[in-house]
Structures are given as structure tokens and as C-alpha cells.
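1. Below are the sequence and a predicted model for it; my questions follow.
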Amino acid sequence: MLYKNRSKFDNISQKIGKSMSGLGIHPDAFTLLSLIFAIITAYIISQEMFLIASVFFVITAFLDIIDGSVARAAGKATKNGAYLDTITDRYVEFFVLVGFLFVEFPSYFIPSYGWIFLILFGGMMTTYAKAAAKEKGLTEKEINGGILERSERLILIFIGLLLAPINILVLTFVIIILAVLTNITAFQRIYKALQNRGL
């Protein structure tokens with residue numbers, strides 16, 4: 001949903017990218033740093049230190065967001081860099097969610113690891129539905145949109161981590177919501193791809 005309003009954040013992103021490019025750090029370094037911080041975040045989550053985890057998660061998300069802005073501001077945007085960024089995004093989400101597997105959540109309908117598996121599967125299918133549609137010629141442009149894209153997933157995870165110290169049930173419900181809505185998003189993209197060709 002935030003994708004539709006992406007242009008509103010472009011100006012802020014450009015300013016941040018310009019200021020960070022002055023550090024002289026290669027854009028790919030920010031991408032790889034986000035992966036390192038994701039692993040650290042996962043470990044902190046596994047230790048159930050949720051408030052500290054939320055801080056590291058914000059750093060992870062920030063590094064993940066600015067790498068492209070820095071690349072454009074520094075005139076170092078490349079296809080390899082964009083590809084590395086996309087691949088790293090998947091690993092970042094994977095590591096953070098794996099951290100939740102070591103947390104003792106109350107069970108609702110199915111064990112908590114089942115919900116986490118559904119988030120991982122839904123996130124994978126959301127991305128694959130977009131890539132496959134273009135690969136198979138169903139659409140010339142990438143299929144975006146849906147009720148819960150990656151940016152919304154990250155926001156929900158942050159909210160869950162921030163409120164978990166108050167009540168673990170909040171984080172539990174966030175995980176269940178993520179599991180349901182992520183898979184709905186995948187179905188939305190699949191439907192959009194098929195509808196695009198009138199199938």
C-alpha cells in the first residue's frame with residue numbers, strides 16, 4: 001500500500017542519500033551492513049530482548065533503505081548493486097524471522113513456528129509471483145502492490161518488537177497478522193498477473 005505513495009518519500013530519500021554519500025562508503029557496503037545487523041537483530045530477538053532488538057531492527061531497515069539512495073547520489077547505481085540489494089532484502093527478512101523461532105509464544109490454532117513459516121512462505125511467494133509473471137511474459141512491468149508489501153511488513157515487525165516488552169501477546173498477534181496478510185498479498189499478485197492476460 002505504501003508503494004502507491006512512494007513518490008512522497010523520494011525527496012526525503014534523496015536528501016538522506018546525498019548526505020550519506022558524503023561519507024565515501026560504497027553503496028554495496030550499506031547493503032552488506034544491513035545483512036550483518038539483521039543477523040545481530042535475530043540473535044537479540046532470540047534472547048527475547050525485544051526493546052534492544054527494535055533499535056537494531058531500525059538500523060537494519062535504515063541501512064537497507066539508504067543503499068539505493070546513496071548509489072544514485074554518488075553516481076554508482078549499477079544493475080549488480082540493485083540485484084545484490086534485492087537478494088539481501090530476502091536474507092534480511094529471513095534472518096529476522098528466524099530469530100522469532102526461538103521465542104516462546106503462546107499458541108493460537110497452530111504453534112508459533114507454523115505462523116512464522118507462513119510469513120516466510122508468503123513473503124517468498126509475493127516476490128516470486130512478481131518475478132514469475134514477468135519471466136513468463138504475463139506482464140511487461142513488474143507487478144507491485146497488494147495489502148501488505150515489504151515496507152508494511154517491516155513496520156509491523158517494528159511495532160511488534162516495540163510493544164512486546166509490555167505484552168508478548170501484541171507481538172504474537174503481529175506475527176499472525178503478518179502470516180495471513182502476506183499470503184493474501186501473494187494471491188493478489190497472482191490474480192493480478194492472470195487478470196492482466198485475461199486468463
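-> That came in fine, so what should we check first?
2. How many residues are close by Glu104?
-> As a burial measure, Glu104 scores 7 neighbours (other C-beta atoms under 10 Å). The C-beta positions use only the backbone N, C-alpha and C, and glycine is treated the same way.
3. secondary structure class for it?
-> Three-state assignment for Glu104 (DSSP: H, G, I helix; E, B strand; the rest coil): coil.
4. That one: what's it in contact with?
-> Shown in contact with Glu104 (C-beta atoms under 8 Å, 6 or more residues apart in numbering): Glu48.
5. quick one: it from Phe173, how far?
-> To Phe173, Glu104 is 16 Å away according to C-beta to C-beta, to the nearest Å.
6. Break the protein down into its structural domains.
-> 1-103, 108-199 (automatic domain parsing).
7. Turn those into a markdown table, columns for mean neighbour count and mean pLDDT.
-> Shown next, in a markdown table, are those (neighbours: other C-beta atoms under 10 Å; pLDDT from 0 to 100):
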| stretch | mean neighbour count | mean pLDDT |
| --- | --- | --- |
| domain 1-103 | 17 | 82 |
| domain 108-199 | 17 | 90 |
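8. which ones are touching Ile175?
-> Taking C-beta under 8 Å, 6+ apart, one finds 100, 105, 112, 115-116, 119, 160 in contact with Ile175.
9. which residues in the protein form helices?
-> 6-21, 27-46, 50-73, 79-100, 112-135, 150-163, 168-196 (DSSP state H).
10. a markdown table for the ones you listed, including distance to Ile143?
-> Formatted as a markdown table, those follow (distance: least, C-beta to C-beta, whole Å):
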| stretch | distance to Ile143 |
| --- | --- |
| helix 6-21 | 15 |
| helix 27-46 | 24 |
| helix 50-73 | 20 |
| helix 79-100 | 15 |
| helix 112-135 | 5 |
| helix 150-163 | 14 |
| helix 168-196 | 5 |
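11. For Asn144, which of these is the nearest?
-> For Asn144, the closest of the helices of the chain is helix 112-135, at 7.0 Å, according to C-beta to C-beta.
12. Show the contacting residues for Ala179.
-> Shown in contact with Ala179 (C-beta under 8 Å, 6+ apart): 115-116, 118-119, 122.
13. Same check on Lys141?
-> Counted by C-beta under 8 Å, 6+ apart, Lys141 has contacts Lys134.
14. quick one: it from Ala193, how far?
-> Applying C-beta to C-beta, the value for Lys141 to Ala193 is 11 Å.
15. Next: Ala133.
-> Counting by C-beta to C-beta, the gap from Ala133 to Ala193 is 4 Å.
16. Spit out the residues that contact those two alike.
-> Going by C-beta under 8 Å, 6+ apart, residues that sit against Ala133 and also against Ala193 are 139, 143.
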